[in-house]
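>>> fold the following, please.
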Amino acid sequence: MTRLLAIAVLLGWTACQAGAETCRNEIYENNRYSVCEVDLTRDKLGLFLYAADGSPYGYFSTLDKALKEQGKRLGFAMNAGMYHDNRAPVGYYLENGEQVQRVISNAGPGNFGLVPNGVLCLRAGRADVFETKRFMRQAPKCTSATQSGPMLVIDGKLHPKFLKDGTSRYVRNGVGTSKDGKKAYFVISNGVVNFYDFGVFFRDRLKLPNALYFDGNISRMRAPELGRNDIGFSPLGPIIGVVVDQ
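Below you'll find the predicted structure:
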């Protein structure tokens, strides 16, 4: 029994080191989604924008190759916020303590400016989605962070400007975090949805207090567990993903 227990413990430790994120496909209210659940107490979640030569990674495969050169690999990944034509982030972006773009708090054109928008803040062992003005007031000490918009769910309520019969329908992706910050849920729709339906999925199906929209139309996900590695026709800006030791 002792030997079997030791083997079980070893296998459990190995699985933890291999990355504990879990991905699944779901159908909710006649819409199809892929969901990746990341446990921040076990998984190493990071933000990535520029490679060592200063050029954007752009693609999951490029980032995975760079990580493999460091003895690591990329697990789950997703585009993580809106960006300009040169792939620079539209809003606040912090990567491993280095700020690339300041916080943008004012309303403006496009989805990003549909306030309230928000910030995903990564810290040791946790991840939290903050509404932007709350983020500025509380000033949490993030190791990495990305701003996007609009917020999907704010303290358990949908963004006030979402319409149930909204006609703007795209493939969309976003992130929500648990109240204790230990879990982050990354979601992409596998079909076109409006903001209302997408927000309802985070609020009612995943029951998350806060969730943030990342983007639409260009949305992509890498989920090896689902045999998925979206390529797309153009390079991405910020990428978020789980880093796994080889």
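>>> and the residue nearest to Asn31 when sequence neighbours are not counted, how many neighbours?
In this structure, Asn31 finds its nearest non-sequential neighbour in Val193, 5.2 Å apart by CB to CB, 6 or more residues apart in numbering. C-beta coordinates here come from the backbone N, C-alpha and C atoms, glycine included. When neighbours are counted by other CB atoms under 10 Å, Val193 registers 24.
>>> beta-bridge partners for Val193, please?
Taking DSSP bridges as the rule, Val193 bridges to Tyr170.
>>> contacting residues around it?
For Val193, the contact set (CB atoms under 8 Å, 6 or more residues apart in numbering) comprises 31, 169-172.
>>> among those, name the buried ones.
31, 170-172 (16 or more other CB atoms under 10 Å).
>>> reformat those residues as TSV; add pLDDT and distance to Leu208.
Output for the buried ones among the contacts of Val193, formatted as TSV (pLDDT from 0 to 100; distance: CB to CB, whole Å):
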residue	pLDDT	distance to Leu208
Asn31	98	17
Tyr170	97	21
Val171	98	20
Arg172	98	16
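>>> from these, which two are the most distant?
Farthest apart among the buried ones among the contacts of Val193 by CB to CB are Asn31 and Tyr170. That separation is 12.2 Å.
>>> could the buried ones among the contacts of Val193 go into CSV alongside distance to Ile218?
Below are the buried ones among the contacts of Val193 laid out as CSV (distance: CB to CB, whole Å):
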residue, distance to Ile218
Asn31, 19
Tyr170, 9
Val171, 9
Arg172, 10
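>>> ok, so of these, who is nearest Phe233?
For these, the nearest to Phe233 is Val171 (13.6 Å; CB to CB).
>>> related to what we said a few turns ago, relative to Gln138, which of the buried ones among the contacts of Val193 is nearest.
Relative to Gln138, the closest of these is Arg172; by CB to CB it sits at 27.2 Å.
>>> dump the residue contacts of the closest one.
Neighbouring residues of Arg172 by CB under 8 Å, 6+ apart: 188-189, 193, 195, 198, 213-216, 219.
>>> for Asp215, same thing?
79, 81-82, 111, 148, 172-173.
>>> what stretches of this protein score poorly on pLDDT?
Regions of the chain meeting the criterion pLDDT under 70 cover residues 1-20.
>>> repeat that with 90
1-21, 106-110, 217, 232-233, 246 (pLDDT under 90).
>>> quick one: the helices in it?
Per DSSP state H, the chain carries helices over the ranges 2-17, 60-68, 132-138, 195-200.
>>> run through the neighbouring helices and strands of the shortest one.
Where contact means 3 or more CB pairs under 8 Å, 6 or more residues apart in numbering; DSSP states H and E, helix 195-200 is packed against strand 151-154, strand 157-158, strand 172-177, strand 210-216.
>>> go again using 10 Å as the cut-off
strand 31-39, strand 151-154, strand 157-158, strand 172-177, strand 183-189, strand 210-216 (3 or more CB pairs under 10 Å, 6 or more residues apart in numbering; DSSP states H and E).
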